[in-house]
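Asks: give me the fold of what follows.
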Amino acid sequence: MALEYGFTQEERNQYFNPEKVYSSWGRDLISDFMVLYVYDMSGNFLISKIMGLDEVHLENDGDFIDINVGQHLRDLGFREGDYNVTYKFLRRLAGRETTQFVDSNGMVFDKQVDRDVVDGQVKFFKSKGDETNKAEREEVFIKEMKYKLVETSPDRTEFILQLDDKIKNQEYIYEFSEMGEMIQYQPINKSNKGTIKFDTKDPHVLEFDIDPQDRGFTQNMVGGQIIIPDLFKVDGDEDTDNSDIVLDDDDDSPYLQGLLDEGAASDFFTDGISNKELIDIMLNDPDPNERQIADGALQERGRGRGEF
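Replies: Got it, this is the predicted structure:
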């Protein structure tokens with residue numbers, strides 16, 4: 001009897017679900033990630049791994065996610081055997097899965113650090129070169145850019161988070177306060193994308209042509225409001241296709257890069273750009289260079305060069 005490769009019919013029935021579920025995951029290139037959980041066949045947890053978008057293939061503008069489960073397991077050292085895996089597709093709202101050095105004032109320190117053993121304990125100090133007087137060195141401390149879990153509800157659907165008061169990073173603090181605010185989503189309006197129109201067959205349906213880099217609507221927006229500015233109902237024929245709208249292509253020029261080219265400081269503090277504007281660019285601008293410039297400016301301000 002010839003050998004058969006691939007999934008059996010029973011496995012196909014178990015693994016393949018023809019139902020499509022809408023998700024904007026994969027559109028936010030900065031904040032989207034996934035977590036792989038591996039269990040043995042008895043359901044015992046073995047290991048987990050945080051994975052970025054570079055470890056999956058998004059096809060058809062993100063409508064299909066191609067996951068190489070076997071390769072992911074081999075990367076974790078599983079060469080043979082049977083395992084159950086779970087993937088969770090997540091988007092970062094606040095905090096980061098990183099560690100930072102902070103000084104005694106809670107300010108992030110990202111320059112060279114010296115490691116030393118003092119009284120049997122490993123400690124870290126701001127590096128000042130080979131001739132540093134050890135008695136005058138300033139100690140820095142490792143901190144995770146996360147929030148403290150204070151309390152969880154009995155049904156595990158609600159929880160209370162708390163800031164780490166030893167971290168004074170502006171972005172860390174701002175993102176924490178922003179989590180409790182109302183979500184306002186504005187689509188990327190570029191190259192005829194981001195426009196809406198009423199369905200020609202059902203006037204109660206809006207059609208939305210989304211840009212491939214747009215994060216789109218999310219599940220927590222369900223039940224919210226769609227606000228269309230300057231919309232009027234008139235007697236007679238109504239405009240439903242936006243054919244009279246002329247898009248201004250002059251807004252496509254890089255904003256922050258243009259300021260740098262004109263001699264602006266890299267933190268843009270004297271240019272009147274707020275931290276909120278920089279964070280909005282870092283999270284939503286389709287230009288990766290603009291996002292990187294905004295992130296760098298926020299890091300500089302977080303080190304004490306700028307304030308809210």
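
Asks: alpha carbons only: can I get the helix ranked longest in the chain in PDB?
Replies: Secondary structure of the chain read by DSSP state H shows that its longest helix is helix 288-300. What follows is helix 288-300, C-alpha atoms only, in PDB (Å, rounded to 0.1, in the frame of the first residue of the first chain):
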ATOM      1  CA  PRO A 288       7.900  53.300   8.200                       C
ATOM      2  CA  ASN A 289      10.600  56.100   8.100                       C
ATOM      3  CA  GLU A 290       8.100  58.600   9.700                       C
ATOM      4  CA  ARG A 291       7.200  56.000  12.400                       C
ATOM      5  CA  GLN A 292      10.900  55.400  13.200                       C
ATOM      6  CA  ILE A 293      11.600  59.100  13.400                       C
ATOM      7  CA  ALA A 294       8.600  59.600  15.700                       C
ATOM      8  CA  ASP A 295       9.700  56.700  17.900                       C
ATOM      9  CA  GLY A 296      13.200  58.100  18.200                       C
ATOM     10  CA  ALA A 297      11.900  61.600  19.100                       C
ATOM     11  CA  LEU A 298       9.700  60.100  21.900                       C
ATOM     12  CA  GLN A 299      12.700  58.200  23.200                       C
ATOM     13  CA  GLU A 300      14.700  61.400  23.400                       C
END
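
Asks: Glu171 is in contact with Ile279, isn't it?
Replies: Yes: look at Glu171 against Ile279 with Cβ atoms under 8 Å: they come within range, at 6.8 Å. The way it works is simple: take the backbone N, C-alpha and C, and place the C-beta from them, glycine included.

Asks: so what sits against both of those two?
Replies: Leu298 (Cβ atoms under 8 Å, 6 or more residues apart in numbering).

Asks: how about the strands in the stretch 1-150 of the chain?
Replies: Taking DSSP state E, counting those that start in this stretch as the criterion, the stretch 1-150 of the chain contains strands spanning 32-39, 45-51, 57-59, 64-66, 84-91, 99-102, 108-109, 113-118, 121-126, 139-144, 148-152.
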